[in-house]
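Enquirer: Quick one, structure for this:
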Amino acid sequence: MRRDLSKRSRDLLVVLLTATSGAVDAACFLHLGHVFATVVTGTMVLLGVAAGTHDPSLAIHCGVSLGSYICGVAAGAQIAVGFGGRRSAGTAGTRATWPPAVTVALAAEFCVLAAFCVAWELQSGRPHAAGQLVLLTLVAAAMGMQSAAVRQLGDMSTTYLTGTLTGVVEGLTTGRKPDGLARSLGALAALIVGALISATVTAHVPGWLPLVVLLPLAVVLAVSGPVVIRRVVRSGHPDRRGKAGRPG
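Expert: Sure thing, here's the model as predicted:
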């Protein structure tokens with residue numbers, strides 16, 4: 001019975017997670033103060049713009065987004081460390097394609113995003129004032145957790161994709177095919193598609209945004225969860241893996 005995901009399956013799940021990122025950022029920019037939840041460097045630029053133009057509202061939204069994202073990364077990293085991080089899938093010295101820590105951190109992210117969706121629905125998809133800040137806090141923290149989780153997979157991202165785009169263009173122009181080219185192209189496309197769907201939904205049927213945001217992540221958990229559970233059941237808690245048989 002398979003105890004780890006194939007690289008192809010991993011790459012497909014990464015692309016799905018990127019669709020959630022695109023959907024979230026579109027909703028944030030359009031309805032939560034014209035800031036981002038995942039494009040942190042863009043939010044930092046907007047913070048400088050707010051200071052230069054004396055725009056306190058933009059500054060507050062940028063500060064909330066940045067602070068919440070940082071807290072989310074810290075929480076996601078702690079979860080990853082607590083569940084073994086990039087530990088092996090079984091064979092000594094072999095790194096897991098999809099470590100258990102990733103699924104656990106993404107499950108925590110799902111809970112935070114679910115809270116965001118409840119708050120979104122309570123405001124009928126048209127948040128204002130303090131409601132925007134509450135939603136921004138939740139969604140930026142969730143994206144920080146996702147960023148920390150995906151770092152456990154290696155050199156890939158589902159939130160900050162400037163480096164992904166740079167690698168694709170460099171590889172195509174120099175003739176050196178970069179590793180994970182299909183995954184990178186899929187992630188870039190998923191980011192745009194996620195944003196497109198989110199913008200359309202929030203403009204016409206804002207009550208459906210939770211489906212757009214949660215569905216890709218739910219699929220990722222549904223696919224990776226059983227594999228992780230089987231591995232943990234057979235090998236024990238990831239932190240204990242490899243301890244069996246050691247002399248006391």
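
Enquirer: Low-confidence ranges, the chain, go.
Expert: 1-3, 85-94, 235-248 (pLDDT under 70).

Enquirer: Which residue lies nearest the spatial centre of it?
Expert: Taking C-alpha atoms, centre = their mean as the criterion, residue 146 is the residue nearest the geometric centre of the chain, at 3.0 Å.

Enquirer: quick one: it is in a helix?
Expert: Yes - checked against DSSP: H, G, I helix; E, B strand; the rest coil, residue 146 lies within a helix.

Enquirer: Grab the nearest non-local neighbour of it.
Expert: If the residues on either side of it in the chain are set aside, residue 146 comes closest to residue 109, at 5.2 Å by C-beta to C-beta, 6 or more residues apart in numbering. Glycine gets a C-beta too; all of them are placed from N, C-alpha and C.

Enquirer: Equivalent analysis for residue 165, please.
Expert: With C-beta to C-beta, 6+ apart as the measure, residue 188 is the residue that lies nearest to residue 165, at 6.2 Å, once sequence neighbours are left out.

Enquirer: What is the burial count for the one you found?
Expert: For residue 188, the number of neighbouring residues by other C-beta atoms under 10 Å comes to 17.

Enquirer: about what we covered before: look at the residue nearest to residue 146 and say how many residues are nearby.
Expert: Residue neighbour count, defined by other C-beta under 10 Å, stands at 28 for residue 109.

Enquirer: elements contacting whichever helix or strand it is part of?
Expert: Remark: residue 109 resides in helix 100-122, with elements defined by DSSP states H and E. Contact analysis of helix 100-122 by 3 or more C-beta pairs under 8 Å, 6 or more residues apart in numbering; DSSP states H and E lists helix 56-82, helix 130-150, helix 209-235 as its packing neighbours.

Enquirer: try it again with 10 Å
Expert: Packing partners of helix 100-122 (3 or more C-beta pairs under 10 Å, 6 or more residues apart in numbering; DSSP states H and E): helix 7-31, helix 56-82, helix 130-150, helix 209-235.

Enquirer: circling back: surely the residue nearest to residue 146 meets residue 216?
Expert: No - using C-beta atoms under 10 Å, residue 109 is not in contact with residue 216, being 11.7 Å away.

Enquirer: Find residues that contact each of these two.
Expert: When contacts are counted by C-beta atoms under 10 Å, 6 or more residues apart in numbering, residue 109 and residue 216 are jointly contacted by 17, 20.

Enquirer: which ones are touching the residue nearest to residue 73 when sequence neighbours are not counted?
Expert: By the measure of C-beta to C-beta, 6+ apart, the closest residue to residue 73 outside its immediate chain neighbours is residue 144, 4.1 Å from it. Residues touching residue 144, when contacts are defined by C-beta under 10 Å, 6+ apart, comprise 37-38, 40, 65-77, 109, 112, 159.

Enquirer: what do you get for residue 23?
Expert: Taking C-beta under 10 Å, 6+ apart, we find residue 23 in contact with 190-191, 193-199, 201-202, 209, 211-216.

Enquirer: again, only this time at 6 Å
Expert: Contacts for residue 23 were tallied using C-beta atoms under 6 Å, 6 or more residues apart in numbering; they are 194, 198, 212-213.

Enquirer: now residue 119
Expert: 134-135.
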